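# Can you look at this prediction? I've put the sequence above it.
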Amino acid sequence: MNMVPSLHTRSQEGSAVLLTIFLSAIIITIGVGFNWIVKEHLKAAATLKDKSEAMVRALSAYDSFVYAALAGKLINDRLVLSDETLLGRTQLPINNTAVKVRDSVVVSIQDSNGRISVAHGVDDEFARLVKHLDSTKNISEITDGINDWTDGDDIARPNGAEADYYRVQTYAPTNSTLQYAQELLLIRGMDMEFFRKLRPFITVLPTTGFNPNSASPEVLYAYLNVGRDSVKAITDYTRSASVDSLEDFNKVAGTGLSYALDKDYLTPSMYLDVTVQCVFNNALYTINAGIGLNAGDFSPYQVYYWHEG
């Protein structure tokens, strides 16, 4: 005797099929999601591994550079290294030229005498640099702002700013030496766009004078207050040889730079802006440091600022 399934039985079978499909969809979704999570974790782990490797290589190159530099010798336009096996080089230019020293590592160093220091405030050289980079800027607002930020009092210059002005921004001027160039972004009159233009030509390190052998055209113009032809003559000359005497320099530049007891001309300082960059696979690690090769109280050299990442 044939039995005809009741509507109730068919309804139960249909519900079971739908439940099976629903559970299967959930399982597949969970599986796909888990697979994506695993892939993302593996990708993140690989990225972290590459970043860590880049960091180790960059720090190793920095340590090797410092060791070689301390035993080396700074001359007018370059640093002669004590041991070429450390970085695979016998010398490095001191005009911020990037030099590949290992398979994945690039080092650039800049003599502070080839830049304009803003550490203790600014003067005419800096004002000319600002005008050269952007003639629309309010020069006195920027220069007065920096000088108010670094001086030891709370008396604002005509276009500067002291504690009353910065109170709205919820911070106050340090009234001391600039520690990082990025501090300028806190100062009245400065913005990120102009800071990026300015950054390659300034330093927060001490300077002992001026070295045209390590200076960029922008710094030559600002420091010497000479025309474009003189700047070109200097840069053309220093591409092939260093300027070793003021007499020769004045002939090349057509200017009357004279000796001063409190300044060193044509020679580097002992202070260097150092950049070490390492690329490993897709990871980039950078060290920016300001160092003095003269010994400090507790170390064979001094670190004025440090940033890595």
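All right, it came through fine.

# tell me the contacts of residue 164?
residue 156 (C-beta atoms under 8 Å, 6 or more residues apart in numbering). All C-beta spots, glycine's among them, are computed from the backbone N, C-alpha and C.

# Any idea what the residue nearest the centre of the chain is bridged to?
When the chain is reduced to its mean C-alpha position, the nearest residue by C-alpha atoms, centre = their mean turns out to be residue 288, at 5.4 Å. On the basis of DSSP bridges, residue 288 is bridged to residue 275, residue 307.

# you'd agree it is up against residue 272?
No: using C-beta atoms under 8 Å, residue 288 is not in contact with residue 272; the gap is 11.5 Å.

# between the two, what contacts are shared?
Common neighbours of residue 288 and residue 272, counting by C-beta under 8 Å, 6+ apart, are absent.

# State the next helix or strand along the chain beyond the helix or strand harbouring residue 68.
Taking DSSP states H and E as the criterion, residue 68 maps to helix 7-71. Moving toward the C-terminus from helix 7-71, the next helix or strand (DSSP H and E) is strand 73-75.

# Neighbouring strands - and their directions - for that next one?
Going by DSSP bridges, the partners of strand 73-75 are strand 78-80 (antiparallel).

# next SSE after the partner strand?
Immediately after strand 78-80, counting by DSSP H and E, sits helix 84-87.

# Could you check how far that following helix is from the centre of its chain?
24 Å (C-alpha atoms, centre = their mean, to the nearest Å).

# Stretch 152-169 too?
How far stretch 152-169 lies from its chain's middle: 28 Å, per C-alpha atoms, centre = their mean.

# Buried residues, it. List them.
Buried residues in stretch 152-169, counted by 16 or more other C-beta atoms under 10 Å: 156, 157, 159, 160, 161, 162, 166.

# Could you export those residues as JSON lines, including pLDDT and distance to residue 121?
Formatted as JSON lines, the buried residues of stretch 152-169 follow (pLDDT from 0 to 100; distance: C-beta to C-beta, whole Å):
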{"residue": "156", "pLDDT": "94", "distance to residue 121": "14"}
{"residue": "157", "pLDDT": "95", "distance to residue 121": "11"}
{"residue": "159", "pLDDT": "95", "distance to residue 121": "14"}
{"residue": "160", "pLDDT": "94", "distance to residue 121": "11"}
{"residue": "161", "pLDDT": "94", "distance to residue 121": "14"}
{"residue": "162", "pLDDT": "95", "distance to residue 121": "14"}
{"residue": "166", "pLDDT": "93", "distance to residue 121": "17"}
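
# Residue 267 contacts residue 78, doesn't it?
No: assessed by C-beta under 8 Å, residue 267 is found out of contact with residue 78, at 11.9 Å.

# Compare these two and say which is more crowded by neighbours.
residue 78 (22 against 19; other C-beta atoms under 10 Å).

# gap between the residue nearest to the more buried one when sequence neighbours are not counted and residue 73?
Spatial nearest neighbour of residue 78, excluding adjacent residues (C-beta to C-beta, 6 or more residues apart in numbering): residue 91 at 4.8 Å. Distance of residue 91 to residue 73, given as C-beta to C-beta, to the nearest Å: 9 Å.

# intersection of neighbour lists for those two?
Counting by C-beta under 8 Å, 6+ apart, the shared contacts of residue 91 and residue 73 are 79, 80.

# The two: which is more packed in?
With neighbours defined as other C-beta under 10 Å, residue 91 and residue 73 compare such that residue 91 has more, 15 against 11.

# so what's that one bridging to?
Beta-bridge pairing for residue 91 (DSSP bridges): residue 80.

# In contact with it: list those residues for me.
Residues in contact with residue 91 (C-beta under 8 Å, 6+ apart) are 78, 79, 80, 81.
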